[in-house]
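J.: I would like the atomic coordinates for the input below:
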Amino acid sequence: MDFDELGTTERVLTLLGLLQQRQVWTGPELADRLGVTPRTVRRDIERLRTLGYPVHASHGVGGGYQLGRGQDLPPLLLDDEEAIVTAVSLLLGVNGAVAGTGDAALRALAKLDRVLPTRLRHEVRALSGAVESFDGGRTPVDPDVLMTLARACRDEVEACFDYPSRGEVRGRRVEPYRVVASDRRWYLLAYDLDRDDWRTFRVDRMTEVAARTWRFRPRPAPDAATYVQESVSSRVYQHRARFLIHASADVVRAQIPAGAAVVRARGTERCEILSGADNLDRIIAYVLLLGHDFEVLDPPELGILCRTMAQRLLAAGAATGQGGEDG
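T.: Numbers count the residues shown, from 1 in each chain. All right, here's what the predicted structure looks like:
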């Protein structure tokens, strides 16, 4: 690339920045700001159109050049202040200040991190630390830890960290696959190299997190969100319970928090619930409160408990009916 081409590229980027700053510019205004002729402005406008930017031109009073909305999303040109605000906003989404945005915010933040100049990083960190949300949101995690894990997933490099297990903090060495957000916490799905199996880790419990330089070849992996959800909803409880619910999966998912149970569609009118519990009485009561007909699938003692509870409810109803009669 020669100096003329470099000058053209810089001018076109400056032109793009101007178009993003104001709704409409006339040709003479742009020519004056760029120090070129209106003919050069027209050529640069065509270059932007070739790159995918829909620049519209209108004539007459109030007319000029306007950056429109396209079917595809072309690259954005951000100045330092805009980049800082964007990164801070994404960090708030990552930490749950904006409901339902965690995964998308982390993906976007990982992309922005690839091009964010080093000189801006400390400003992003300082500003994000000065903003809080009154909503409880997710369990707080260090944004730097999230970014380290997201980069390791993106770059396919091993990660290491200390993690508590059975009352002892141990070093773990993993191939990170995905960072997954639940309604309460952040998790890492990774292949544990020392245990030779897939594992789920809570990000807020990790310490001494670091990405290594050793690259790995990605393995065939389970669906990250499903794997983490099933692991979280059942692993910490004494019992695993399965029910067949006579309602659509969409209806039941709207009634149950994602961290409480896994809901799998079984056709269009039924679904299966997989959940964990320390007390089977409570999980039966919870399923009853959903308000749908259901069948017990597992474990067998759950069916016996349902019959026992049904007898209690019938007896309670009969006693209430007798007590309410006039003598």
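J.: Tell me the bridge partners for Gly276.
T.: Arg240 (DSSP bridges).
J.: Test my guess that it contacts Ser231.
T.: No. If you go by Cβ atoms under 8 Å, Gly276 and Ser231 don't touch, sitting 10.0 Å apart. All C-beta atoms are positioned from the backbone trio N, CA, C, and that covers glycine.
J.: Tell me how many other residues surround the closest residue to Thr268 other than its chain neighbours.
T.: Excluding the flanking residues, the one nearest Thr268 by Cβ to Cβ, 6 or more residues apart in numbering is Ser248, at 6.2 Å. By other Cβ atoms under 10 Å, 18 other residues sit near Ser248.
J.: Just list the residues touching Ser248, thanks.
T.: By Cβ atoms under 8 Å, 6 or more residues apart in numbering, the contact list for Ser248 reads 265, 268-271.
J.: list the helices and strands the longest strand anywhere in the chain packs on?
T.: Secondary structure assigned by DSSP state E gives strand 168-181 as the longest strand of the chain. Packing contacts for strand 168-181, counted by 3 or more Cβ pairs under 8 Å, 6 or more residues apart in numbering; DSSP states H and E, involve helix 102-115, helix 143-155, strand 157-165, strand 186-192, strand 197-202, helix 224-234.
J.: Now render the ones you listed as a markdown table, adding mean neighbour count and distance to Gln20.
T.: Output for these, formatted as a markdown table (neighbours: other Cβ atoms under 10 Å; distance: least, Cβ to Cβ, whole Å):
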| stretch | mean neighbour count | distance to Gln20 |
| --- | --- | --- |
| helix 102-115 | 17 | 17 |
| helix 143-155 | 20 | 27 |
| strand 157-165 | 17 | 35 |
| strand 186-192 | 23 | 33 |
| strand 197-202 | 16 | 40 |
| helix 224-234 | 19 | 35 |
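J.: Can you add distance to Leu18 and mean pLDDT and give those back as JSON lines?
T.: Listed next are these as JSON lines, based on distance: least, Cβ to Cβ, whole Å; pLDDT from 0 to 100:
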{"stretch": "helix 102-115", "distance to Leu18": "21", "mean pLDDT": "67"}
{"stretch": "helix 143-155", "distance to Leu18": "32", "mean pLDDT": "80"}
{"stretch": "strand 157-165", "distance to Leu18": "40", "mean pLDDT": "93"}
{"stretch": "strand 186-192", "distance to Leu18": "40", "mean pLDDT": "90"}
{"stretch": "strand 197-202", "distance to Leu18": "47", "mean pLDDT": "91"}
{"stretch": "helix 224-234", "distance to Leu18": "42", "mean pLDDT": "73"}
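J.: I'd like the ones you listed laid out as CSV, including distance to Val252.
T.: Shown next, in CSV, are the helices and strands packed on strand 168-181 (distance: least, Cβ to Cβ, whole Å):
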stretch, distance to Val252
helix 102-115, 22
helix 143-155, 31
strand 157-165, 33
strand 186-192, 23
strand 197-202, 23
helix 224-234, 14
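J.: looking at the chain, which helix or strand is least sure?
T.: helix 118-129 (a mean of 65; mean pLDDT, DSSP states H and E).
J.: Mind checking which of the contacts of Ser248 land in strands?
T.: Per DSSP E, these map to strands at 265, 271.
J.: one step back: can I get the CA coordinates of the longest strand of the chain in CSV?
T.: These are the backbone C-alpha positions of strand 168-181, laid out as CSV (Å, rounded to 0.1, in the frame of the first residue of the first chain):
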residue,chain,number,x,y,z
GLU,A,168,-9.8,-28.3,49.8
VAL,A,169,-8.7,-25.7,47.2
ARG,A,170,-6.9,-27.4,44.3
GLY,A,171,-5.4,-26.3,41.1
ARG,A,172,-7.3,-27.1,37.9
ARG,A,173,-6.0,-27.2,34.3
VAL,A,174,-8.7,-27.1,31.7
GLU,A,175,-9.6,-26.6,28.0
PRO,A,176,-12.2,-23.8,28.3
TYR,A,177,-15.2,-24.2,25.9
ARG,A,178,-17.9,-21.7,26.9
VAL,A,179,-18.8,-19.2,29.6
VAL,A,180,-22.5,-19.6,30.5
ALA,A,181,-24.8,-17.2,32.4
